[in-house]
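> Sequence plus the predicted model coming up.
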Amino acid sequence: MSGPLLALDGVSINRGEVPIVHDVTLAVRPGTITVVLGANGAGKTTLMDGIAGLAQVTSGTIQLGQAPIGKLPTYKRAQAGLGYVEQARTVFRSLTVEQNLNVSKAGDGDLGMAYGLFPELEKRRNLQAGHLSGGEQQMLVIGRALVSSPKLVMIDEMSLGLAPVIVRRLMNAVADLLQFGISVLLIEQFANLALDVGTHAYVLRKGRVVFDGPCTELRGDADRLHECYFGSVDAGAGEEGLAR
Ligand SMILES: Nc1ncnc2c1ncn2[C@@H]1O[C@H](COP(=O)(O)OP(=O)(O)OP(=O)(O)O)[C@@H](O)[C@H]1O
C-alpha cells in the first residue's frame, strides 16, 4: 500500500458539547510509529477517542486503508483493523493472563503475537492478572489489543506510573510491533523516549496541530519541543516529561 494506513483530514472532536480537537489533519504511514505529543490537556486522548469512535467527531474524515471509518461504531472500527490501548490499565484481575487474552480474541485471532512480544506473559499464562506487576499488566493490556490481528494500534500513555526500565522494555516491544506488520500511533508523556522509536511526530497544543514533521527534527531539541508544547508565552508548567 503506498498511501497512509490511517488518514485524518480536518477532524474536529467534541467532549459532550465542548470542542476539544480542532481541524486535525494527520497520517500514519504503513510500517511506521507515529507519535502524538503535547502538554497535559492538549487533546491527545480526545483525538484517539475520536478515531476509535468513543468521542464525537463533528467534522472531517477518518480513513483506515481505503475505508472511511469515521461514521462506524467502535466495534466495527476494531473489526476493520484498529486496535486501541486506552490510558487506564485495566485487566480482569481475577482471570488468568490467558483468560484475559481470550476475552479479547475475536473470531480466529490467536495469542501467538502477544506471547511472542511478551514471553513474560506466556510464562505467567495461568497466573491471575491481579498478581502481575504494573509493567506486566501493561504488557497484558497491549497483548489484548493484538489478539484480533489489528493493522494499526493506538497506544495512549502506556508509561504512566511505571519505572523507567520497564518503560524502555515496553518501548522496545512497541518498536517490535512493526515486524509483525502492525503500525502504531503512540501518545507518550516521555517525549524523548517516543521520539527515539518514532518516525513522524505531531504536537498538539490546545487541540490544534502545531508541529507536523519527522521525529528527528525534535529529537534532542528541548527548546524546540518546549516551544511546541507551550508556545513562547505559556512557558513553565508540566515539563517533567520533556527531560526523560
Ligand atoms: N469527558 C470529558 N468531558 C469534558 N471535558 C473533557 C473530558 N475528557 C477530557 N476533557 C477535557 O478535554 C481537554 C483535553 O483532554 P485530553 O485528555 O484529551 O488531553 P490529553 O492531551 O490527553 O491530556 P493528558 O496528558 O492529561 O491525558 C482537557 O481540557 C480535559 O479537561
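Nice, I can see it.

> mind checking how far the host helix or strand of Leu225 is from the chain centre?
Assigning secondary structure by DSSP states H and E places Leu225 in helix 222-230. Averaging C-alpha positions (C-alpha atoms, centre = their mean, to the nearest Å) puts helix 222-230 21 Å from its chain's average.

> tell me which residues in it are buried?
Across helix 222-230, burial judged by 16 or more other C-beta atoms under 10 Å covers Leu225, His226, Glu227, Cys228, Tyr229, Phe230. Using the backbone N, CA and C atoms, a C-beta is placed for each residue, glycine as well.

> Out of the residues you listed, flag the one nearest to Gly38.
Tyr229 (6.4 Å; C-beta to C-beta).

> Would you agree Ala27 is in contact with Leu8?
Yes: between Ala27 and Leu8 there is a contact under C-beta atoms under 8 Å: 7.5 Å.

> So for these two, which sits in the more crowded spot?
A direct count of neighbours by other C-beta atoms under 10 Å for Ala27 and Leu8 places Leu8 higher, at 25 against 17.

> Which of the three states applies to the closest residue in space to the more buried one that isn't next to it in sequence?
Nearest non-adjacent residue to Leu8, counting by C-beta to C-beta, 6 or more residues apart in numbering: Leu26, 4.5 Å away. Under DSSP: H, G, I helix; E, B strand; the rest coil, Leu26 falls in the strand class.

> same question, Ile62
strand.

> Then Glu98?
Going by three-state DSSP: Glu98 is helix.

> For the closest residue to it other than its chain neighbours, grab the count of nearby residues.
Leaving aside its sequence neighbours, Glu98 sits nearest to Arg125 (C-beta to C-beta, 6+ apart; 4.4 Å). The tally of other residues near Arg125 (other C-beta under 10 Å) stands at 14.

> swap in Phe118?
With other C-beta under 10 Å as criterion, Phe118 counts 24.

> Could you do Gly16 as well?
7.

> same check, this time on Pro164
Neighbours around Pro164, by other C-beta under 10 Å: 11.

> per-residue confidence for it?
pLDDT recorded at Pro164 is 91.

> check which helix or strand covers the spatially most central residue of the chain.
The structure's the chain has its C-alpha centroid closest to Ile155; by C-alpha atoms, centre = their mean the separation is 2.0 Å. Using DSSP H and E, Ile155 falls within strand 152-156.
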